[in-house]
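> just need the structure, nothing else, for what follows:
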Amino acid sequence: MNDTGKRAVRRDLATDWAEALASPAYRLRRALETERDRWFLWLPLLFGLGIGIYYSLLVEPPLWLGFLTVGVALPAAGAAWYRGRFVPAAIGIAALALGFAAAELETWSVAAPVLANELSRVPVEGRVVEVEPVTGGLRMIIEPQSIGSLPPDELPARLRIKLREDEGVPVPGEGVALRATLFPPSPPAMPEAYDFQRRAFFNRIGGVGFAVAPVRALSGEPAPAWRVRLAALRSTITRRIQAALPGSTGAIAAAIITGETHAIPDAESQAFRDAGLAHILVIAGLHMGLVAGIAFLAVRFSLACVPWVALRVNTKKIAACAALAVTFSYMLLSGATVSSRRSFLMTALVLLAILVDRLSLSARSLAWAALAIMIWSPYAATGSSFQMSFAAVAGLIAFYEAFRQRIGGWYSHAGLIRRLGLHLVGIVLTTVISTLATTAFTIYHFNRLAAYSVAANVIAVPITGLWVLPWAILACLLMPLGLERFALAPMGWGIDAIAAIAHAVTQLPGAAFDVPSMPTYGLMVLAFGGFWLCVWRRRWRLWGLVPIAAGFCSIVLAQPPDILIDGEAGAVAARAADGSYFVTGATHSNTFVTDTWTRRDASGPAQSWPEHARSADGRLDCSGAGCLYRANGRRVLLVPPGTLGSTDCAAVDLALITAPPSRGCAGAAILDRPTIRAAGGYAIWLKAAGISMVSARDWRGDRPWVPRPPGPPARLSTSAAGPPAVPAP
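Numbering: from 1, shown residues only. Below is the predicted model of the structure:
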């Protein structure tokens, strides 16, 4: 190279360095180009973000809006692809639009009538869709054909009815008649709490209740569809398992084989949760992967034992086909839940890769599985099962991608003893990684963490994979012959051992503890950081630790409400100085509400409401006609049910009149019983700057799954002389 060429090279290098130093965008662009093969992995996140935008709205958008955004975004992405400019941005916007439109379309497609009021002892006729064993009896889901005198256009698509303990077992697909007391699905206990009403809407359940008379089968019903036949098969298998293994052992065995978890006693479920073994009761990646592996090895070993076949047939591909059929059947048998569908899709991609002699890209397999599930059911992305299962698998894939070569080197020259030790280390690492990856979602959805989950899983997971699941597969194969007891009995021994481990772990000090709820924005920030950490390969992936830390810090920044009122104005909670709650009006019917209040804030057991006395911390004074609550310089008058509302309210900032009628209270902002019921309950914060309040209806907005209150919208009443309450945004 001559001097001119050398000078040109030096000039180009100097220009590049100058651009790099002058423009952070240049460095970012170069870094992104080096990881171009990972760009596809962002599509599920963007698709899910579009779904999240739809569910975050407070007003239902018109259906045409989703079609319009897709109609604009897709051609724009095509034009960007053709011109070769702004392609990633255009495809990302298209993914957002598709996610939004898919969620909107699903809402439109599942919409069905919902009961507006309680119906007492009404005659119901319909077809049984599913029968679920629950604690103390059975619960069935039916498609009603008539409900008393309810007009046909007001019939819900489905009802969920609890049967009495002495009832017979209905068969899915048959027509039944009964009398039942029905209720609308219950709303959330407080803003940002679990919304059963929304879940019931997407499951097309428009009413829940219990039977008050025996169920009678109807004659002359047509043959059921394949879905109902499959549900009948699940019910039959569940009953035969529980007949061979009575008690909690049979209930756990049914959960592992058919996915029916409702019959597991509450104490047993709690022990598994507190020990960090709840994933064994839910059919997910552990079960699907082990079943596929067992089927693959069994078929290939059997074919290899026949020399003529082994020499002439590709036994590996035949075994892959057999494993694919077994895992598909297992998914259907387990009810095709989100976790089982995700696990099947990933397992199927691996098996299909064997059939076409290709290597499976694990990260892409996970991305395709996430996209497939969200396209099929966008609402699934909002559930804990979807979020936790994908977070756990994403964390495991990212870890083993980063340390694959090092781990392979450990195994390459290891003997039998060392391989067993490495296998044990692998179980520990898998448990630790999956636990860390799902911790935020566990806090957000369940407010509880297991301290000894690693130790419990090191013992329980090998028992599940090497003993319980092989006997479970054999039991299913023997069931058509009526010989399933021979396999279920040893399976039960393994289940009893795992249950003993769970109970032993929960007896340890500090085995499980409650954690305050993480705000939704905190979870979103943390999830983005975790995604960033898992997707990229370069060292800049470590920047994902910053939003992860910020997400966990949001737990500390969140301020629990000072006062909570349930939607029926039957229970009121006031926060004590030590962070616990005084609760009044708690009855058996609203125990779930008060439990939700104390669990979400990790405030510990509720304290008794001081009757005609003053609390020890001085915050709550019930020595007068009502109860006066003081916090942060604010005064709130609480008039619970059974107390006359005759107290002068001139000296308080807010009066909660939960006992009808709301009379004799003037001079303050008032929340009366009709207002509280129309709003679905309130969470109230007392601050020096004012009073902030959010109702359950404010938080949920005007959406199809939120029933409209009867009459005109309720408003906070404020007298001219009293200080107004300041609604929270």
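> now do stretch 149-158: everything it contacts.
112-115, 119, 122, 129, 141-147, 203-207 (Cβ atoms under 8 Å, 6 or more residues apart in numbering). Bear in mind the C-beta positions are built from the backbone N, C-alpha and C, glycine included.
> any idea of the mean pLDDT for that stretch?
Averaged across stretch 149-158, the pLDDT comes to 92.
> mind checking how far it is from the chain centre?
In terms of Cα atoms, centre = their mean, to the nearest Å, the centre of stretch 149-158 is set 29 Å apart from its chain centre.
> stretch 493-508 now?
Computed by Cα atoms, centre = their mean, the chain-centroid distance of stretch 493-508 equals 25 Å.
> in this structure, which residue is most central in space?
Ser384 (1.9 Å; Cα atoms, centre = their mean).
> any idea what sits nearest that one, other than its immediate chain neighbours?
Leaving aside its sequence neighbours, Ser384 sits nearest to His445 (Cβ to Cβ, 6 or more residues apart in numbering; 4.1 Å).
> phi, psi for the one you found please.
Per-residue torsions, His445: phi -90, psi -30 (degrees, to the nearest 10).
> if we can go back for a sec, quick check on the contacts of stretch 149-158: which are buried?
Neighbour-count burial (16 or more other Cβ atoms under 10 Å) applied to the contacts of stretch 149-158 gives 113-115, 119, 122, 129, 141-144, 147, 203-207.
> now, which of the residues you listed lie within strands?
Using DSSP state E, the subset of these located in strands is Leu119, Val122, Val129, Ile141, Ile142, Glu143, Pro144, Ile147, Ile205, Gly206, Gly207.
> now the residues you listed in CSV, with distance to Leu333?
Output for those, formatted as CSV (distance: Cβ to Cβ, whole Å):
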residue, distance to Leu333
Leu119, 35
Val122, 35
Val129, 17
Ile141, 18
Ile142, 22
Glu143, 22
Pro144, 27
Ile147, 32
Ile205, 23
Gly206, 28
Gly207, 28
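> export the stretch of helix or strand Leu49 belongs to to CSV, keeping only CA atoms.
For Leu49, the host element (DSSP states H and E) is helix 42-56. Only the C-alpha atoms of helix 42-56 are listed here, as CSV (Å, rounded to 0.1, in the frame of the first residue of the first chain):
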residue,chain,number,x,y,z
TRP,A,42,-38.3,-8.7,20.5
LEU,A,43,-41.5,-9.5,18.5
PRO,A,44,-43.3,-11.4,21.3
LEU,A,45,-42.5,-8.5,23.7
LEU,A,46,-43.9,-5.9,21.3
PHE,A,47,-46.9,-8.1,20.5
GLY,A,48,-47.5,-8.5,24.2
LEU,A,49,-47.0,-4.7,24.8
GLY,A,50,-49.8,-4.1,22.3
ILE,A,51,-52.0,-6.4,24.3
GLY,A,52,-51.0,-4.6,27.5
ILE,A,53,-51.9,-1.2,26.0
TYR,A,54,-55.4,-2.5,25.2
TYR,A,55,-56.0,-3.8,28.7
SER,A,56,-54.6,-0.6,30.3
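> which elements pack onto that helix?
Applying 3 or more Cβ pairs under 8 Å, 6 or more residues apart in numbering; DSSP states H and E, one finds that helix 42-56 makes contact with helix 87-110, helix 362-376, helix 520-535.
> next, the buried residues of the first one.
In other words, helix 87-110. Using 16+ other Cβ under 10 Å as the test for burial, helix 87-110 gives 90-104, 106-107, 110.
> what's the answer for stretch 404-417, then?
Along stretch 404-417, these residues count as buried under the neighbour rule (16+ other Cβ under 10 Å): Ile407.
> okay, that stretch in CSV with CA atoms only?
Extracted in CSV, the C-alpha atoms of stretch 404-417 (Å, rounded to 0.1, in the frame of the first residue of the first chain):
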residue,chain,number,x,y,z
ARG,A,404,-23.0,-23.8,27.5
GLN,A,405,-19.4,-24.3,26.5
ARG,A,406,-18.1,-24.3,30.1
ILE,A,407,-20.8,-26.8,31.2
GLY,A,408,-20.0,-29.0,28.2
GLY,A,409,-16.4,-29.0,29.1
TRP,A,410,-17.2,-30.1,32.6
TYR,A,411,-19.2,-33.1,31.2
SER,A,412,-16.8,-34.1,28.5
HIS,A,413,-14.2,-35.7,30.7
ALA,A,414,-16.3,-36.5,33.7
GLY,A,415,-16.8,-40.0,35.1
LEU,A,416,-19.9,-41.5,36.5
ILE,A,417,-19.6,-40.1,40.0
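> excluding chain neighbours, what is closest to Phe552?
The shortest distance from Phe552 to any non-neighbouring residue, by Cβ to Cβ, 6+ apart, is to Leu526 (6.7 Å).
> burial of that neighbour, as a residue count?
The tally of other residues near Leu526 (other Cβ atoms under 10 Å) stands at 25.
> tell me the contacts of it?
Contacts of Leu526 (Cβ under 8 Å, 6+ apart): Ala440, Met518, Pro547, Ile548, Ala550, Gly551, Phe552, Ser554.
> report the two of the buried ones among the contacts of stretch 149-158 separated the most.
Within these, Val122 and Asn203 form the most distant pair, 21.4 Å apart (Cβ to Cβ).
> any regions of the stretch 51-200 of the chain where pLDDT drops low?
Within the stretch 51-200 of the chain, the stretches with pLDDT under 70 are 133, 135-136, 165-169.
> what residues go with each domain of the chain?
When the chain is parsed with automatic domain parsing, its domains come out as 3-110, 119-224, 237-377+452-512, 520-557, 563-727.
> could I get these as JSON lines with distance to Arg404?
Listed next are these as JSON lines, based on distance: least, Cβ to Cβ, whole Å:
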{"stretch": "domain 3-110", "distance to Arg404": "16"}
{"stretch": "domain 119-224", "distance to Arg404": "39"}
{"stretch": "domain 237-377+452-512", "distance to Arg404": "10"}
{"stretch": "domain 520-557", "distance to Arg404": "12"}
{"stretch": "domain 563-727", "distance to Arg404": "39"}
